[in-house]
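K.L.:
Here is a sequence together with a model predicted from it:
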Amino acid sequence: MSVLVYTESENGKLKKAAFEVASYAKGIADLMGTSVTAVTVNAESVDELKTYGVEKVLKVSHDKLSKFNADAYAEVITQASKKEDAKVIVISQSANAKYLAPLLSVNLNAGYASNVVALPKTDGEFTVERTAFTNKAFNMTSISTEVKLLGLSSNAYGLKENEVSLSEEDFSPELNDENFGIIVESVDKNKDKVSIADAEVVVSAGRGMKGPENWGMIEELADVLGAATACSKPVSDMGWRSHGEHVGQTGKPVATNLYIAIGISGAIQHLAGISASKNKVVINTDPEAPFFKAADYGIVGDAFEVVPQLIEKLKEFKANNS
Amino acid sequence: MKILVCISHVPDTTSKINFVEEDTKFDTNGVQFVINPNDEFGLTRAMWFKEKQGATVDVVTVGGKDTEPTIRKALAIGADTAHRVDAEPLDGFQVAKELANVAKEGNYDLIIAGRESIDYNGGMVPGMLAKLIGANFINTCVSLEVEGDTATAVREIDGGKETLKSSLPLVIGGQKGLVEESDLKIPNMRGIMMARKKPLNVVEPVSGEKQTQAKMFRKPDPKGEVTMIDAENLDRLIDLLHNEAKAI
């Protein structure tokens, strides 16, 4: 019996989210007096997982898994869980992890709690805290099945170093044609840009930018900060920016370390979507904008003046602090 | 093509979120309930399939009698038949099992649900439903076309998009993008009148099996005061972000 964690990789390299879910799995393993086994798919080097408390890695290498396929990946984790007799399985809340989670849950008859933000309570009932109502509330959820599946919200637990010794084992799950019922025709991913899900910093802009032609400074600010760009709902509805950038209740949630909102007034649905972010900076011409009440740092000013200056100051800061 | 759209009855996005009964239940007092937005995008796409490709569209919800106005609205928008599974929805797996039962009975080609409900945000019902009935599943779907028995869908991934192909039957976890916000339909008087005559079947639940239980709720701690910074003094912002927030 161990805690099993699915540690995601991209192009053979483990993602940062993998180390966070590993840290969290180690926290649970300590509570339960057991150890952590990770499963990876087509990851090259997995040695760094030992820093975050992983004692064993089941390495899966499979040509047919070179593109993500939810059913096949869920099957891989299912077989790894059975092999390890895992009672708790931890995954991230990336788009892929959220996609495979319910399939995995049915395969293992494992009760699933998504958007988990803290270690479980394991005395008596197994309960975890998760977000609900798009971050407007927290909810304690108990899981009554023997096997439990937990999806950890990004940046909710953080990286915790906990060095152990690690063994690697090649693992060959049995996959059949049924696991590949969905065919991936093409993947269109912007390789030069950080995604909102992976970003430490997100620079987001709204209607205050007046038109899509003014986004150059937003992208430049994001560049300087190594940030992802995002936008408010009206901006995506008007087609100024793609839907993939829309942040809020019906768009993407953002749980980042730093969220900079420029020319966004702060509708309740937008605030809900970004409330899990740790530090929020708001730049708006209107001192009455509701967003200021939800901000940590506020600047009343015209984006067209403030943003270019901020870019220059940040460049200077980066040059002096690198 | 037979389509089933799964609808969750949720508080409107502007609702105040409060809890009662010692923080164990959502306070519905004064709250307006609506079709879950992620489901509404899917319902509107289903209407497109009805108009352009002659599909029939059924809708289903799991809930008490109080959810009927929400499902009637789906009929008023243009769905043909509604099913209400008469059970309190308490757990994602329980709901998925009830939906699976309705789905099997109806032998649907395409089942459209929202990627998550905006109340519990479980994000599990569509995928569980697919697995329970042995159908293919595509989540976070932002575009969907069906030709014969093949569907082509675009899925949102972290930092991009993927184009996928699947045979039918297929379950979709839909969201905005399936249709645009401006495509959403407000029922007209004729639609509302017609909806009164359309069938709304009450289905007995088949299984009460649950895997999880929502216990206590709490609201986030009140946030500290905002620190206002002069637009002329951006050095201070950088200093605070670096030294206080440790965010840059």
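P.N.:
Perfect, I can see it now.
K.L.:
and the next element down the chain from the longest helix seen in chain B?
P.N.:
Ranked by residue count and defined by DSSP state H, the top helix of chain B is helix B:37-53. Using DSSP states H and E, the helix or strand that directly follows helix B:37-53 along the chain is strand B:56-62.
K.L.:
That following strand and chain A, are they touching?
P.N.:
No - figure legend: strand B:56-62 not in contact with chain A (Cβ under 8 Å from any Cβ of the partner chain); closest approach 15.9 Å. For the C-beta atoms, the positions are set from N, CA and C on the backbone; glycine is no exception.
K.L.:
quick revisit: the longest helix of chain B to strand B:56-62, inter-axis angle?
P.N.:
With axes from the mean of the first three to the mean of the last three Cα atoms, to 10 degrees defining the directions, helix B:37-53 sits at 160 degrees from strand B:56-62.
K.L.:
Show me what helix B:37-53 packs onto, helices and strands only.
P.N.:
Under the contact criterion of 3 or more Cβ pairs under 8 Å, 6 or more residues apart in numbering or on different chains; DSSP states H and E, helix B:37-53 touches strand B:2-6, strand B:56-62, helix B:68-77, strand B:110-114, strand B:136-147, strand B:170-174.
K.L.:
neighbours around the closest residue to chain B within the stretch 201-322 of chain A, how many?
P.N.:
With Cβ to the nearest Cβ, the shortest gap between the stretch 201-322 of chain A and chain B falls at residue A:301, namely 3.2 Å. Residue A:301 has 20 neighbours, counted by other Cβ atoms under 10 Å in any protein chain shown.
K.L.:
Not counting its neighbours along the chain, what's nearest it?
P.N.:
Distance criterion Cβ to Cβ, 6 or more residues apart in numbering or on different chains; nearest residue to residue A:301, sequence neighbours excluded, is residue B:231 at 3.2 Å.
K.L.:
got it, and residue A:266?
P.N.:
Counting by Cβ to Cβ, 6+ apart, the nearest residue to residue A:266 once its immediate chain neighbours are dropped is residue A:291, at 2.8 Å.
K.L.:
Which among the helices and strands packed on helix B:37-53 is found nearest to residue A:215?
P.N.:
Closest approach to residue A:215 among these (Cβ to Cβ): strand B:136-147, 21.1 Å.
K.L.:
Partner strands of that closest one, with direction?
P.N.:
Neighbouring strands of strand B:136-147 in its sheet, by DSSP bridges, are strand B:150-157 (antiparallel), strand B:170-174 (parallel).
K.L.:
for stretch B:75-89, which positions count as buried?
P.N.:
Neighbour counts over stretch B:75-89 (16 or more other Cβ atoms under 10 Å in any protein chain shown) mark B:75, B:76, B:77, B:78, B:79, B:81, B:82, B:83, B:84, B:85, B:87, B:89 as buried.
K.L.:
How about stretch B:56-65?
P.N.:
Buried positions in stretch B:56-65, judged by neighbour count with 16+ other Cβ under 10 Å: B:56, B:57, B:58, B:59, B:60, B:61, B:62, B:63.
K.L.:
now do stretch A:14-26
P.N.:
The neighbour-count check on stretch A:14-26 (16+ other Cβ under 10 Å) flags A:14, A:15, A:17, A:18, A:19, A:20, A:21, A:22, A:23, A:24, A:25, A:26 as buried.
K.L.:
element containing the fourth one, please.
P.N.:
By that I understand residue A:18. Assigned by DSSP H and E, residue A:18 belongs to helix A:16-32.
K.L.:
Is that helix in proximity to chain B?
P.N.:
No - if you take Cβ under 8 Å from any Cβ as the test, helix A:16-32 misses chain B, and the best it gets is 9.5 Å.
K.L.:
ok, and what's touching that helix?
P.N.:
Around helix A:16-32, the neighbours that count as contacts under Cβ atoms under 8 Å, 6 or more residues apart in numbering or on different chains are A:2-9, A:35-36, A:38, A:48-49, A:51-54, A:87-88, A:90-92, A:94, A:119-120, A:122, A:150, A:152, A:154-155, A:157-162, A:197-198.
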